[in-house]
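Novice: got a predicted structure here, sequence first:
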Amino acid sequence: MKALGTLRECKVVGRCPPTPKCHTLPLYRMRIFAPNDVIAKTRFWYFLSQLKKMKKSSGEIVYCGQVFEKSPLRVKNFGIWLRYDSRSSTHNMYRVFHDPTTAGARDMGARYGAWTHSIQIMKVEEIAASKCRRPAVKPRFQDQVPATPPGPAPSALAALHHQEAQHLLGPGPSPGCAPNKLRNAPVKKKNEKKKT
């Protein structure tokens, strides 16, 4: 799964269908970040099959809806507990974000190169500025000063400008080779005599 566009926070509730022996079955609820409802339901069954002996063919979705932010214009501090699989092993991580919405607080691919499908978000909580643990982000976490969400990193902007320049200019010549215009031009021989 790729993170297509902006992620939405969805609440998915599912259960096993009732049987004649057992009419009341437990409901399982998950908050899942996905671009649409279809992917949210798919991720729900994926995680539930890891936790319980349930799968899509032997269960049903009771509710699937988007969770809206209570105050989307106020910038908040989010603490996120997550687990992701890298090339070497599985890592548990605690990250702190400064963003107006829960779904916007994400930056794993840029810094750690983590794939979207390998990230499992276990807990998301709004935290006070005093509870920030990371010294690198502490200056940005102030309750009094309203801050704007961070923009793209300078390295990302430099890469974007480089791509635009490559698109406009076209690919350059390979090292040790002449440019395309000179390569296709007719070559004059030194000892060639002119016809009279």
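Specialist: Happy to help now that I have it. Residues are numbered from 1 along each chain as shown.

Novice: wait, Pro26 sits on Arg15?
Specialist: Yes. At 6.7 Å, Pro26 counts as touching Arg15 under the criterion of C-beta atoms under 8 Å. Every residue, glycine included, has its C-beta placed from N, CA and C.

Novice: the two: which is more packed in?
Specialist: Set Pro26 next to Arg15 and count neighbours by other C-beta atoms under 10 Å: Arg15 wins out with 17 against 7.

Novice: so the more buried one bridges to which residues?
Specialist: Glu60 (DSSP bridges).

Novice: and the next element down the chain from the helix or strand encompassing Arg111?
Specialist: Using DSSP states H and E, Arg111 sits within helix 109-112. Where DSSP H and E defines the elements, the next helix or strand beyond helix 109-112 is strand 119-126.

Novice: Ile61: how many residues sit nearby?
Specialist: 15.

Novice: now do the contacts for it.
Specialist: Applying C-beta atoms under 8 Å, 6 or more residues apart in numbering to Ile61 gives the contacts 12-14, 41, 44.

Novice: return the closest of those residues with respect to His98.
Specialist: Relative to His98, the closest of the contacts of Ile61 is Val12; by C-beta to C-beta it sits at 27.5 Å.

Novice: helix or strand for that closest one, which one?
Specialist: Secondary structure (DSSP H and E) places Val12 in strand 8-15.

Novice: which helices and strands does that strand pack with?
Specialist: strand 28-34, helix 37-51, strand 60-66 (3 or more C-beta pairs under 8 Å, 6 or more residues apart in numbering; DSSP states H and E).

Novice: to His117, which of these lies closest?
Specialist: Per C-beta to C-beta, nearest to His117 of these: helix 37-51, 8.7 Å.

Novice: check which residues of the closest one are buried.
Specialist: By neighbour count with 16 or more other C-beta atoms under 10 Å, helix 37-51 contains the buried residues 37, 39-41, 43-45, 48.

Novice: pop out the phi and psi values for Ser57.
Specialist: Main-chain dihedrals, Ser57, degrees, to the nearest 10: phi -70, psi -20.

Novice: for it, what are its contacts?
Specialist: Contacts of Ser57 by C-beta under 8 Å, 6+ apart: none found.

Novice: relative to Leu51, how far out is it?
Specialist: 17 Å (C-beta to C-beta, to the nearest Å).

Novice: quick one on the thing from earlier: can you add mean pLDDT and distance to Asn92 and give the helices and strands packed on strand 8-15 back as a markdown table?
Specialist: Compiled in a markdown table, those are given as follows (pLDDT from 0 to 100; distance: least, C-beta to C-beta, whole Å):
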| stretch | mean pLDDT | distance to Asn92 |
| --- | --- | --- |
| strand 28-34 | 90 | 18 |
| helix 37-51 | 91 | 16 |
| strand 60-66 | 93 | 28 |
